[in-house]
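Asks: Whatever this is, show me its structure:
(one chain, ligands or ions: 1)
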Amino acid sequence: MRAFIEESFPIKEVSEISRKEKNIRHGHISTLHIWWARRPLAASRATSYAALIPAVGDVEEWEKRKQFIIELAKWENSLNKHIIEKARKDIVEANGKAPKVLDAFAGGGSIPLEALRLGCEVFAVEYNPVAVLILKCTLEYPQKFGKKLVDEVKKWGEWVLEEARKELKDFYPEDELESNALSLEMENKKEKMAPVGYIWARTIPCQNPSCNAEIPLMRQFWLAKKDKKKIALMPFVEGGEVKFKIVGDGYEEMPANFNPEKGTVARAVANCLVCGSTVDDKTVRKLFQQGKSGQRMIAVVLNSKKGKIYRIATQKDIDAYRKAEEYLKEKRAKLMEEWGIDPVPDEPLVRVPVSFGVINVWVYGMNKWGDLFNSRQKLALITFAEKVRNAYSKMIAEGMDEEFAKAVVSYLALAVDMVVASCNTLGRWETTRELIADVFSRQALPMIWDFVELNPFSGGSGSLERIHDYYYTKILEHLTSINP
Ligand SMILES: [Zn+2]
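Replies: The predicted structure follows:
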């Protein structure tokens, strides 16, 4: 059989649909776990179909097929019974039965998922263990266990979240509106507000011997940079120290001569705001390598009914962090004893030459994977890992089938991975959208001077709650519905 795709294919239209797919989140497998270069589902579905139906000679028939392929490729038709069933019928008619499809380099699973949707018998092969786990969760488990998988992942996902919250919530204290520190318009309105995250700056000491002030390294000072909401951190010097206040819409007026674009560091060259001297890039790197750098919590982002609001970090915020730091020591030792390994990854970071621009953080003395997290992030992540392991033990103790328990716990583990992507010291505060840009917003691990520490219980983007919600209400619902 000469396949349709060998003669023709609506490349332009399917490319356009594939491009749009990048913005789709709800139910899309890209939200299940990160995978590099995951193929668009639209292109995978359309090409699989066009490869499995015969070429046609008749122009009218050809045009009809082309239009059908375009409709089939659309995300909104992913679960359209009428369209998918017609595609399946065409494929069976052309091949005598449902064909076997092998993807020998299956990666993120788009092609096998679409072949499965089109009714084929699918085989997916990968040698990367991360991809294998993603493939199992994308293809195998939803087909094998169906709707009961959705219910159990939801139940145990909530269990993990609640167990972790019980243990960690005091380390992310909520705000009981202290009006002087907050936006003026919020005054007199009692509201409990959960922190979304904490904005930190890495620091180095000024190298001018007569100054020695702490230099907070900040690429820029914006907090919100939207058309109708412009808020920034404004540094000022007091008593030989750099301090900050918040200026802009809803706060103190932003002085006309203050340019939030210009931070204290550019291309690793730092400026001291106290004495005006500069520290060259070589020295900055050396200070980091020698362990002479530090970190300073600058501001807190809060979720209010009116959207994100900001305030300068207080001693109370720093105390909560210090408490987490203390508790981490105890927890880490306990888990090390139980697991026989350090729960904070101690494997060395890959030393890719800096010129590749992929991973450069090792130049700044971050030598192990665990160095990419601050203490409270480490505490949160090892606690999540512990709760996921406990969930599995509990499932088995309650008599759940071992294979099914393994399936359920796999999604819980993928969710922790997704939190890791947002819960590290390489995440930026995305000022135009006021949310965290996770570390994989670029396919690299570049140094970030001023990072945001996410509150994993905030319910916002990147939090465990949000990720779980995506899983059981959207992705798993979708994946268990493709094969009616
Ligand atoms: Zn100085």
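Asks: ok, residues contacting the longest helix anywhere in the chain?
Replies: For the chain, the helix that runs over the most residues, judged by DSSP state H, is helix 315-339. For helix 315-339, contacts defined as C-beta atoms under 8 Å, 6 or more residues apart in numbering pick out 168, 170-173, 198, 297, 300, 342-344, 375-376, 378-379, 382-383, 386. Every residue, glycine included, has its C-beta placed from N, CA and C.
Asks: so after it, what's the next helix or strand?
Replies: Helices and strands here follow DSSP states H and E; after helix 315-339, the next one along the chain is helix 375-397.
Asks: Can you give the distance of that following helix from its chain's centre?
Replies: 19 Å (C-alpha atoms, centre = their mean, to the nearest Å).
Asks: helices or strands up against it?
Replies: Packed against helix 375-397, as judged by 3 or more C-beta pairs under 8 Å, 6 or more residues apart in numbering; DSSP states H and E, are the following elements: helix 147-168, helix 315-339, helix 402-422.
Asks: How much space separates the closest residue to Lys147 other than its chain neighbours from Gln443?
Replies: Closest residue to Lys147 apart from its sequence neighbours, by C-beta to C-beta, 6 or more residues apart in numbering: Thr480 at 5.6 Å. Distance from Thr480 to Gln443, counting by C-beta to C-beta, to the nearest Å: 31 Å.
Asks: confidence score at Gly357?
Replies: Listed pLDDT for Gly357 reads 66.
Asks: now do Met1
Replies: 84.
Asks: Could you double-check that it lies in contact with Ala51?
Replies: No. Contact criterion C-beta atoms under 8 Å: Met1 and Ala51 do not qualify, at 10.3 Å.
Asks: who's more crowded, these two?
Replies: The residue with more neighbours, out of Met1 and Ala51, is Ala51; 16 against 10, by other C-beta atoms under 10 Å.
Asks: For the more buried one, give me its contacts.
Replies: Neighbours of Ala51 in contact, by C-beta under 8 Å, 6+ apart: Ala3, Phe4, Ile5.
Asks: Just the element for it, please.
Replies: According to DSSP H and E, Ala51 maps onto helix 41-52.
Asks: Residues of the stretch 101-250 of the chain that sit close to the ion?
Replies: Cys206, Asn208, Cys211, Ala213 (C-beta under 5 Å from the ion).
Asks: Just say helix, strand or coil for the nearest residue to Ser293 once chain neighbours are set aside.
Replies: In space, and not counting its chain neighbours, Ser293 is closest to Ile204: 5.2 Å by C-beta to C-beta, 6+ apart. What DSSP: H, G, I helix; E, B strand; the rest coil gives for Ile204 is strand.
Asks: Equivalent analysis for Gln295, please.
Replies: strand.
Asks: cool, the one 3 residues further on as well?
Replies: The local conformation at Ile298, judged by three-state DSSP, is strand.
Asks: Quick check: phi and psi at Gly108.
Replies: Gly108 adopts backbone torsions of phi -80, psi 0, taken as degrees, to the nearest 10.
Asks: correct me, but it touches Leu133?
Replies: No. Gly108 lies out of contact with Leu133 (C-beta under 8 Å); the separation is 11.5 Å.
Asks: Which one's more surrounded, the two?
Replies: Gly108 (23 against 16).
Asks: what about stretch 134-152, start to end distance?
Replies: 18 Å (C-alpha to C-alpha, to the nearest Å).
Asks: cool, stretch 443-450 as well?
Replies: 19 Å.
Asks: in that stretch, what's buried?
Replies: Leu445, Met447, Ile448, Trp449, Asp450 (16 or more other C-beta atoms under 10 Å).
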